[in-house]
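1. I would like to see how this sequence folds:
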Amino acid sequence: MTAEEVLDRARYWGLRIATAESCTGGMVAAALTDVAGSSTVFDRGYVTYSNLSKMQMLGVREETLAANGAVSEPTAREMAEGALARADAGLVVAITGVAGPGSSEFKPEGRVCFALAKAGHMTRTETVHYGAIGRAKVRAASTEHALALLLAAMD
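-> Okay, the predicted model is just below:
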């Protein structure tokens, strides 16, 4: 599965894509825009690393962050739905996680939460536990997983 496949499938279905990224820092958007002609499908990417940026740019509620933290499925859901509401896109993937190094009692290194929002469909969320495999590997694996989620949403 490649970014080119995601773009080809989106082009076929007439879908535009946006991303809402935290721990990947724009890597999914970069993977998509590395492909020539991606501008016909890719609308925009939000890199919302801080809680404040999640609230200001995507409309994540302060209550959600206070109750669940930034690395949670509820936050990922609000990131994806906020991007879907603000972008000229019909499909959004959101990612928030702990790439490491370091973790807390409740948020271990390698925990990444994803959300997939598609116009006219219920938002899906999931959490993947990569473990303490290192920051670069968590980010790369999260990028690949996000691309796979986008591709699967267009089957």
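2. can you pull out the helices in this protein?
-> Using DSSP state H, the helices found in the chain span residues 3-13, 27-33, 51-58, 62-68, 73-86, 135-152.
3. closest to residue 97 out of these?
-> Closest of the helices of the chain to residue 97 is helix 135-152, at 6.3 Å (criterion: Cβ to Cβ). From N, CA and C alone the C-beta is placed, and that goes for glycine too.
4. any idea of the mean pLDDT for that closest one?
-> Here helix 135-152 scores 97 as its mean pLDDT.
5. ok, residues contacting that helix?
-> 1-3, 5-6, 9-10, 17, 19, 23-25, 27-28, 31-32, 91, 93, 95, 97-101, 109-110, 112, 114, 116, 128, 130, 133 (Cβ atoms under 8 Å, 6 or more residues apart in numbering).
6. list the buried residues for it?
-> 135, 138-147, 149-151 (16 or more other Cβ atoms under 10 Å).
7. state the distance from the residue most central in space within the chain to residue 122.
-> Against the mean C-alpha coordinate of the chain, by Cα atoms, centre = their mean, the closest residue is residue 94 at 2.2 Å. From residue 94 across to residue 122, the span is 14 Å (Cβ to Cβ, to the nearest Å).
8. what is the nearest of the buried residues of helix 135-152 to residue 79?
-> The closest of these, once distances to residue 79 are taken by Cβ to Cβ, is residue 146, at 12.1 Å.
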